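Enquirer: sequence unknown, structure follows:
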């Protein structure tokens with residue numbers, strides 16, 4: 001049910017892939033930029049509609065767009081917290097990213113979802129702590145929901161992959 005993949009999330013075939021977005025939803029660096037580039041202009045067009053309706057996406061929340069040219073049906077955009085030493089509810093906000101992304105997947109009848117390392121890049125979240133939050137949030141959600149059959153943790157960074165594998169072995 002839970003698998004760890006090394007590599008590029010834009011190449012993963014799943015009903016939904018998760019984008020570690022910024023609050024503007026307009027693309028950026030890292031995985032966000034890669035998803036927008038690989039998915040094409042349709043994703044940005046739908047992001048613009050969401051921004052016009054609700055003014056972006058707050059930290060911990062999630063919104064869904066088409067996946068454009070990607071081998072997925074949907075992109076679920078979630079805004080992870082910037083690491084501030086763990087004193088500003090970063091763990092709760094990161095957990096919300098995973099839970100709200102999974103809720104979006106269920107709402108869109110997705111049976112598979114792929115997650116990147118949310119907040120582990122430029123946002124500076126320590127990889128081991130992020131992996132713990134991610135794995136625990138996913139396991140807690142799966143204990144209460146059965147629609148999602150496959151969850152992929154897609155690790156671009158080998159260090160994060162090690163952390164995820166360690167957490168899954170606990």
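Expert: Arrived safely. Keep in mind that this is a model prediction, so the values were computed, not measured.

Enquirer: from here on, contacts and neighbour counts on C-alpha atoms
Expert: Fine.

Enquirer: find the helix or strand that the most centrally placed residue in the chain is a member of.
Expert: Centroid-nearest residue in the chain: residue 18, 3.4 Å away (criterion: C-alpha atoms, centre = their mean). Element membership for residue 18 (DSSP states H and E) is strand 14-21.

Enquirer: which SS class is the nearest residue to the residue nearest to the centre of the chain once chain neighbours are set aside?
Expert: Take residue 18 and drop its neighbours on the chain: the residue closest to it by C-alpha to C-alpha, 6 or more residues apart in numbering is residue 76, 4.7 Å away. Here residue 76 is strand, with the state taken from DSSP: H, G, I helix; E, B strand; the rest coil.

Enquirer: who's residue 76 bridged to?
Expert: Per DSSP bridges, the residues bridged to residue 76 are residue 18, residue 64.

Enquirer: what ranges do the strands span in this structure?
Expert: Listed from the start of the chain, the chain has strands (DSSP state E) covering 2-6, 14-21, 62-66, 72-79, 112-115, 150-155.

Enquirer: looking at this structure, which helix is longest?
Expert: Longest helix in the chain, counting residues (DSSP state H): helix 90-107.

Enquirer: tell me how many other residues crowd residue 129.
Expert: Counted with other C-alpha atoms under 10 Å, the neighbours of residue 129 add up to 16.

Enquirer: with distance to residue 54 and mean pLDDT added, can I get the strands of the chain in CSV?
Expert: As requested, those are exported to CSV (distance: least, C-alpha to C-alpha, whole Å; pLDDT from 0 to 100):
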stretch, distance to residue 54, mean pLDDT
strand 2-6, 33, 97
strand 14-21, 16, 98
strand 62-66, 10, 98
strand 72-79, 14, 98
strand 112-115, 24, 98
strand 150-155, 29, 98
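
Enquirer: could I get those as JSON lines with distance to residue 49?
Expert: Shown next, in JSON lines, are these (distance: least, C-alpha to C-alpha, whole Å):
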{"stretch": "strand 2-6", "distance to residue 49": "32"}
{"stretch": "strand 14-21", "distance to residue 49": "16"}
{"stretch": "strand 62-66", "distance to residue 49": "10"}
{"stretch": "strand 72-79", "distance to residue 49": "14"}
{"stretch": "strand 112-115", "distance to residue 49": "23"}
{"stretch": "strand 150-155", "distance to residue 49": "28"}
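
Enquirer: which of those is buried the deepest?
Expert: Most buried of the strands of the chain, by mean neighbour count (mean count of other C-alpha atoms under 10 Å): strand 14-21, with a mean of 28.
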